[in-house]
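# Quick check, what structure comes out for this input:
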Amino acid sequence: MVKSRLFVSLGLLMFLAPGLGLAQSKGDAKAGKTKYDANCVGCHGPAGKGDGAAAAALNPKPGDMTDGKAMKALSDKYLFDIIKDGGASQKKSPIMPASAKKFSDQDISDIVAYIRSLAK
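Here you go, the predicted structure:
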């Protein structure tokens with residue numbers, strides 16, 4: 001009886017485990033686009049290429065978020081943290097401001113989901 005429960009539990013875990021990874025992306029890209037368009041386009045550009053109107057005056061320049069290979073190397077947590085706590089928090093440009101006071105955690109998750117949708 002104990003062995004059969006163990007096998008059932010293990011089977012259920014194996015069945016559910018692949019789906020657990022889907023919870024990784026908890027943001028709404030559509031809502032994120034709205035926040036991105038209102039707050040990030042000036043530096044990061046409308047398509048996320050790092051070519052916003054203010055980018056010409058920035059050193060270093062914002063990265064190209066459409067570069068799938070580069071974006072795949074960055075975790076959602078890293079993107080979340082750099083948006084929330086600013087560039088300096090991740091040893092990137094101190095020019096990128098922290099947004100913790102401007103955005104809720106859900107807003108930031110939405111922006112991360114939108115940014116992910118830009119990568120090719």
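# Look up how far Asp105 lies from Gly50.
Here the criterion is C-beta to C-beta, to the nearest Å. By it, Gly50 lies 25 Å from Asp105. Backbone N, C-alpha and C define where each C-beta goes, glycine included.
# Those two: which is more packed in?
Gly50 (18 against 12; other C-beta atoms under 10 Å).
# what's around the closest residue to the more buried one other than its chain neighbours, how many residues?
Residue nearest to Gly50 in three dimensions, not counting chain neighbours: Pro62, with 3.8 Å by C-beta to C-beta, 6 or more residues apart in numbering. Counted with other C-beta under 10 Å, residues neighbouring Pro62 total 23.
# And Lys61, by the same measure?
Lys61 - counted by other C-beta under 10 Å - has 14 other residues nearby.
# That one: which element?
Assigned by DSSP states H and E, Lys61 belongs to neither a helix nor a strand.
# mind checking pLDDT for it?
pLDDT, Lys61: 92.
# ok, back up a step: phi and psi next, for the residue nearest to Gly50.
Dihedral pair for Pro62: phi -60, psi 150, per degrees, to the nearest 10.
# give me the low-pLDDT residue ranges for this structure?
1-25 (pLDDT under 70).
# Okay, helices next: where are they in it?
Under the criterion DSSP state H, helices of the chain are mapped to 2-20, 29-39, 41-44, 68-72, 76-85, 105-118.
# re earlier: pull the contacting residues for the residue nearest to Gly50.
Cys43, His44, Gly45, Gly50, Gly52, Ala55, Ser93, Met96 (C-beta atoms under 8 Å, 6 or more residues apart in numbering).
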